[in-house]
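Q: For reference, the sequence and a predicted model appear below.
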Amino acid sequence: MRFVLKIAALMGLLCAAGFFVFVAALPRSSNEQAALRSLSADARTGMVILTGGAGRRIQHGLDLFAQGYGDRVLISGTHPLVDKEDLEGLGVRDSLHCCVDLGPRARTTIGNALEARDWARRRGYDTILLVTSDFHLPRALLELEAVAPELTVIGIAVDTRSAPSANWMRSPSAWRVLAEEYIKYILAWTRHRA
(Lines give C-alpha, C1' and ligand atoms only; values in the text may rest on other atoms or scores of the structure.)
Protein backbone atom coordinates (compact mmCIF):
# COMPACT_ATOMS: atom_id res chain seq x y z
CA MET A 1 0.00 0.00 0.00
CA ARG A 2 2.84 2.41 0.84
CA PHE A 3 4.42 1.70 -2.52
CA VAL A 4 1.18 2.61 -4.32
CA LEU A 5 0.90 5.85 -2.33
CA LYS A 6 4.50 6.75 -3.17
CA ILE A 7 3.89 6.09 -6.86
CA ALA A 8 0.68 8.16 -6.75
CA ALA A 9 2.50 11.02 -5.00
CA LEU A 10 5.32 10.86 -7.55
CA MET A 11 2.84 10.91 -10.43
CA GLY A 12 1.08 13.89 -8.87
CA LEU A 13 4.36 15.76 -8.52
CA LEU A 14 5.32 14.97 -12.11
CA CYS A 15 1.95 16.19 -13.38
CA ALA A 16 2.22 19.40 -11.34
CA ALA A 17 5.78 20.00 -12.54
CA GLY A 18 4.70 19.37 -16.13
CA PHE A 19 1.85 21.85 -15.74
CA PHE A 20 4.18 24.58 -14.48
CA VAL A 21 6.65 23.90 -17.31
CA PHE A 22 3.74 24.08 -19.78
CA VAL A 23 2.60 27.45 -18.40
CA ALA A 24 6.14 28.85 -18.31
CA ALA A 25 6.77 27.74 -21.90
CA LEU A 26 3.61 29.27 -23.36
CA PRO A 27 4.46 31.42 -26.39
CA ARG A 28 4.53 35.15 -25.80
CA SER A 29 3.21 37.76 -28.17
CA SER A 30 6.55 39.54 -27.67
CA ASN A 31 8.13 36.76 -29.78
CA GLU A 32 5.90 37.65 -32.72
CA GLN A 33 8.40 39.78 -34.65
CA ALA A 34 11.02 37.02 -34.54
CA ALA A 35 8.43 34.55 -35.84
CA LEU A 36 7.39 36.89 -38.64
CA ARG A 37 11.03 37.52 -39.62
CA SER A 38 11.40 33.78 -40.17
CA LEU A 39 8.99 33.97 -43.11
CA SER A 40 10.62 33.08 -46.40
CA ALA A 41 10.23 35.84 -48.99
CA ASP A 42 9.39 33.35 -51.73
CA ALA A 43 6.96 31.21 -49.71
CA ARG A 44 3.28 31.20 -50.55
CA THR A 45 1.86 32.14 -47.18
CA GLY A 46 -1.69 31.86 -45.93
CA MET A 47 -2.97 32.99 -42.56
CA VAL A 48 -5.32 30.86 -40.47
CA ILE A 49 -7.10 32.52 -37.56
CA LEU A 50 -8.82 30.23 -35.08
CA THR A 51 -12.02 31.68 -33.65
CA GLY A 52 -12.55 32.26 -29.95
CA GLY A 53 -11.16 34.64 -27.38
CA ALA A 54 -13.84 37.32 -27.71
CA GLY A 55 -12.64 38.32 -31.17
CA ARG A 56 -9.12 39.33 -30.12
CA ARG A 57 -7.62 36.56 -32.23
CA ILE A 58 -9.49 37.70 -35.32
CA GLN A 59 -8.61 41.36 -34.86
CA HIS A 60 -4.94 40.60 -34.21
CA GLY A 61 -4.67 38.37 -37.27
CA LEU A 62 -6.42 40.89 -39.48
CA ASP A 63 -4.10 43.65 -38.24
CA LEU A 64 -1.11 41.51 -39.27
CA PHE A 65 -2.74 40.75 -42.61
CA ALA A 66 -3.31 44.47 -43.23
CA GLN A 67 0.44 44.96 -42.59
CA GLY A 68 1.18 42.57 -45.45
CA TYR A 69 1.63 39.25 -43.67
CA GLY A 70 -0.02 36.46 -45.64
CA ASP A 71 -1.64 36.35 -49.07
CA ARG A 72 -5.09 35.34 -47.87
CA VAL A 73 -6.89 34.60 -44.58
CA LEU A 74 -9.00 31.68 -43.38
CA ILE A 75 -11.07 32.32 -40.28
CA SER A 76 -11.56 28.75 -39.08
CA GLY A 77 -14.42 27.68 -36.86
CA THR A 78 -16.97 30.32 -37.79
CA HIS A 79 -20.63 29.64 -37.12
CA PRO A 80 -22.28 27.95 -40.13
CA LEU A 81 -24.73 30.85 -40.50
CA VAL A 82 -21.96 33.48 -40.67
CA ASP A 83 -21.37 34.59 -44.26
CA LYS A 84 -19.44 37.29 -46.15
CA GLU A 85 -22.04 39.92 -45.21
CA ASP A 86 -21.20 39.31 -41.55
CA LEU A 87 -17.48 40.00 -41.97
CA GLU A 88 -17.72 43.56 -40.71
CA GLY A 89 -19.11 42.25 -37.42
CA LEU A 90 -16.01 40.04 -37.17
CA GLY A 91 -13.77 43.09 -37.55
CA VAL A 92 -13.01 42.67 -41.26
CA ARG A 93 -12.74 46.00 -43.07
CA ASP A 94 -14.42 46.27 -46.48
CA SER A 95 -11.05 46.46 -48.20
CA LEU A 96 -10.18 42.98 -46.91
CA HIS A 97 -13.41 41.17 -47.85
CA CYS A 98 -11.85 39.89 -51.07
CA CYS A 99 -9.09 38.06 -49.24
CA VAL A 100 -10.91 36.43 -46.31
CA ASP A 101 -12.43 32.95 -46.38
CA LEU A 102 -14.77 31.63 -43.71
CA GLY A 103 -14.36 28.10 -42.42
CA PRO A 104 -17.60 26.85 -40.88
CA ARG A 105 -16.68 23.13 -40.62
CA ALA A 106 -14.41 23.15 -37.57
CA ARG A 107 -15.84 22.70 -34.09
CA THR A 108 -12.66 21.48 -32.37
CA THR A 109 -8.93 22.07 -32.62
CA ILE A 110 -8.61 18.87 -34.65
CA GLY A 111 -11.34 20.22 -36.94
CA ASN A 112 -9.44 23.52 -37.24
CA ALA A 113 -6.32 21.61 -38.27
CA LEU A 114 -8.16 19.60 -40.92
CA GLU A 115 -9.94 22.68 -42.24
CA ALA A 116 -6.67 24.65 -42.38
CA ARG A 117 -4.85 21.78 -44.12
CA ASP A 118 -7.56 21.42 -46.77
CA TRP A 119 -7.67 25.19 -47.35
CA ALA A 120 -3.87 25.44 -47.62
CA ARG A 121 -3.71 22.59 -50.11
CA ARG A 122 -6.57 24.01 -52.18
CA ARG A 123 -4.89 27.43 -52.27
CA GLY A 124 -1.36 26.08 -52.85
CA TYR A 125 0.22 27.46 -49.67
CA ASP A 126 3.43 26.01 -48.29
CA THR A 127 3.55 28.23 -45.19
CA ILE A 128 0.78 29.01 -42.71
CA LEU A 129 0.70 31.75 -40.10
CA LEU A 130 -1.44 30.22 -37.35
CA VAL A 131 -3.06 32.85 -35.11
CA THR A 132 -4.65 31.79 -31.84
CA SER A 133 -4.44 32.54 -28.13
CA ASP A 134 -1.18 31.94 -26.28
CA PHE A 135 -2.52 29.07 -24.19
CA HIS A 136 -4.06 27.33 -27.23
CA LEU A 137 -1.13 27.72 -29.63
CA PRO A 138 0.97 24.69 -28.54
CA ARG A 139 -1.91 22.26 -29.12
CA ALA A 140 -3.08 23.99 -32.30
CA LEU A 141 0.46 23.74 -33.72
CA LEU A 142 0.69 20.09 -32.70
CA GLU A 143 -2.62 19.22 -34.39
CA LEU A 144 -1.87 21.12 -37.62
CA GLU A 145 1.66 19.76 -37.93
CA ALA A 146 0.29 16.22 -37.41
CA VAL A 147 -2.23 16.43 -40.27
CA ALA A 148 -0.11 18.56 -42.61
CA PRO A 149 3.59 17.78 -42.09
CA GLU A 150 4.37 19.25 -45.51
CA LEU A 151 3.42 22.75 -44.31
CA THR A 152 5.72 25.17 -42.54
CA VAL A 153 3.59 26.46 -39.67
CA ILE A 154 4.51 29.65 -37.83
CA GLY A 155 2.57 30.26 -34.64
CA ILE A 156 1.37 33.72 -33.70
CA ALA A 157 0.27 33.96 -30.06
CA VAL A 158 -2.44 36.40 -29.05
CA ASP A 159 -1.70 37.40 -25.48
CA THR A 160 -4.44 36.52 -22.98
CA ARG A 161 -2.39 36.88 -19.82
CA SER A 162 -3.44 40.46 -19.14
CA ALA A 163 -7.11 39.63 -19.54
CA PRO A 164 -9.43 39.75 -17.75
CA SER A 165 -7.37 41.47 -15.06
CA ALA A 166 -3.85 42.34 -14.04
CA ASN A 167 -4.11 39.68 -11.29
CA TRP A 168 -4.08 36.88 -13.83
CA MET A 169 -2.07 34.53 -11.61
CA ARG A 170 -4.68 34.88 -8.88
CA SER A 171 -7.59 34.06 -11.16
CA PRO A 172 -9.14 30.62 -10.51
CA SER A 173 -10.82 30.73 -13.92
CA ALA A 174 -7.47 31.33 -15.63
CA TRP A 175 -5.92 28.38 -13.79
CA ARG A 176 -8.90 26.22 -14.79
CA VAL A 177 -8.52 27.17 -18.46
CA LEU A 178 -4.78 26.44 -18.33
CA ALA A 179 -5.27 23.12 -16.56
CA GLU A 180 -7.86 22.05 -19.14
CA GLU A 181 -5.58 23.10 -21.99
CA TYR A 182 -2.62 21.29 -20.41
CA ILE A 183 -4.62 18.06 -20.18
CA LYS A 184 -5.81 18.45 -23.79
CA TYR A 185 -2.23 19.11 -24.91
CA ILE A 186 -0.91 16.02 -23.11
CA LEU A 187 -3.66 13.88 -24.66
CA ALA A 188 -2.95 15.27 -28.15
CA TRP A 189 0.80 14.86 -27.69
CA THR A 190 0.29 11.26 -26.57
CA ARG A 191 -2.00 10.55 -29.52
CA HIS A 192 0.52 11.90 -32.06
CA ARG A 193 3.72 10.64 -30.44
CA ALA A 194 2.58 7.14 -29.46
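A: Structure's in. What do you need?
Q: which residue lies farthest from the center of this protein?
A: residue 1 (43.0 Å; CA atoms, centre = their mean).
Q: Contacts only, for that residue.
A: If you count contacts by CB atoms under 8 Å, 6 or more residues apart in numbering, residue 1 has none. Where C-beta positions appear, they are placed from N, C-alpha and C, glycine not excepted.
Q: any idea where the strands of this structure begin and end?
A: For the chain, strands defined by DSSP state E occupy the ranges 45-50, 72-76, 100-103, 127-133, 152-158.
Q: Which residues does the second one contact?
A: Around strand 72-76, the neighbours that count as contacts under CB under 8 Å, 6+ apart are 46-51, 58, 61-62, 65, 90, 96, 99-103, 106, 112, 115-116, 119, 123.
Q: What of the third one?
A: Applying CB under 8 Å, 6+ apart, the contact partners of strand 100-103 are 62, 72-78, 82-84, 87, 92, 112, 115-116, 119.
Q: Now, the residues you listed that are in helices?
A: Where the contacts of strand 100-103 overlap with helices, as defined by DSSP state H, the overlap consists of 62, 112, 115, 116, 119.
Q: residues in contact with the second one?
A: The contact partners of residue 112, taken as CB under 8 Å, 6+ apart, are 48, 50, 76, 77, 103, 106, 140, 143, 144.
Q: And it, how far from residue 138?
A: Between residue 112 and residue 138 the distance is 14 Å, computed by CB to CB, to the nearest Å.
Q: what's around residue 65, how many residues?
A: By the other CB atoms under 10 Å criterion, the neighbourhood of residue 65 contains 21 residues.
Q: wait, doesn't it sit right on residue 99?
A: Yes. Contact status for residue 65 versus residue 99: in contact at 7.3 Å, counting by CB atoms under 8 Å.
Q: Quick check: closest non-adjacent residue to residue 57.
A: Closest residue to residue 57 apart from its sequence neighbours, by CB to CB, 6 or more residues apart in numbering: residue 158 at 4.9 Å.
Q: where in the protein is pLDDT low?
A: 28-34, 39-42, 53-55, 89-91, 161-169 (pLDDT under 70).
Q: now do 90
A: 1-45, 51-69, 77-100, 102, 104-106, 133-135, 157-179, 181, 192-194 (pLDDT under 90).
Q: can you pull out the helices in it?
A: If you assign secondary structure with DSSP H, the helices in the chain sit at 2-24, 32-37, 56-66, 109-123, 137-147, 172-193.
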